[in-house]
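[1] let's see this in three dimensions:
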Amino acid sequence: MKLTEKSLAAINTASVCALLFIWVLPDTIALRHLLLGIGCLSGLVLIRDNRTFFIPFRTALIPLILLCYLFIWVGIHYLFFSLNPALELSEIRGLWLRAFAGVIMALGLAISIQKYSYFSKYFIFSLFFVPLINFVVSRMMNVLAVISST
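    Reported below is the predicted structural model:
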């Protein structure tokens, strides 16, 4: 089964929206990593299929280039300036790897929204409505914890 660009865009957008929903919920680290992986893989394919967008230099790409330099700087710092290579490698494997996957996922989301603008309503809905849901759920969990402790 071959995935079309539209279905990859839908997968990427759905993984971003789901990740926004479960990000603050406790005990969801495995699901977060799964969604981040799915979004990163779909983002990689979307970037590969739309690489002609990135080829000619445009001033709009400067923030993206600077973001890429951040990850290059992390590698340079690890190779040449690290005082504790084991600790820094664990940070790169943990925090910086997830940050890089998030950037790839976000680039895929940007391509998805640019090419299929109707996906933007799902992203905007999850961006603004999901924090309200998370706030209500966390308050309910606090109330239940207070009730169960008495």
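
[2] quick check on residue 84: phi, psi?
    Backbone torsions for residue 84, taken as degrees, to the nearest 10, come to phi -130, psi 80.

[3] now for the protein, the helix or strand with the poorest mean pLDDT.
    The weakest-scoring helix or strand in the chain, judged by mean pLDDT, DSSP states H and E, is helix 120-149 (a mean of 85).

[4] list the buried residues in that helix.
    In terms of neighbour count (16 or more other Cβ atoms under 10 Å), helix 120-149 has its buried residues at 122-123, 126, 130, 134. The way it works is simple: take the backbone N, C-alpha and C, and place the C-beta from them, glycine included.

[5] show me where the protein has helices.
    5-22, 29-49, 62-76, 85-91, 97-115, 120-149 (DSSP state H).

[6] so which of those gets nearest residue 55?
    For residue 55, the closest of those is helix 29-49, at 12.0 Å, according to Cβ to Cβ.

[7] tell me what the closest one is packed against?
    Using 3 or more Cβ pairs under 8 Å, 6 or more residues apart in numbering; DSSP states H and E, the elements in contact with helix 29-49 are helix 5-22, helix 97-115.

[8] now the least confident helix or strand of the chain, how far from the centre of its chain.
    Centroid separation for helix 120-149 versus its chain: 20 Å, with Cα atoms, centre = their mean, to the nearest Å.

[9] show me what that helix is packed against.
    Using 3+ Cβ pairs under 8 Å, 6+ apart, helix 120-149 sits against helix 5-22, helix 97-115.

[10] could you dump these to a markdown table with mean pLDDT, distance to residue 50 and mean neighbour count?
    Below are the helices and strands packed on helix 120-149 laid out as a markdown table (pLDDT from 0 to 100; distance: least, Cβ to Cβ, whole Å; neighbours: other Cβ atoms under 10 Å):
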| stretch | mean pLDDT | distance to residue 50 | mean neighbour count |
| --- | --- | --- | --- |
| helix 5-22 | 94 | 8 | 20 |
| helix 97-115 | 95 | 5 | 19 |
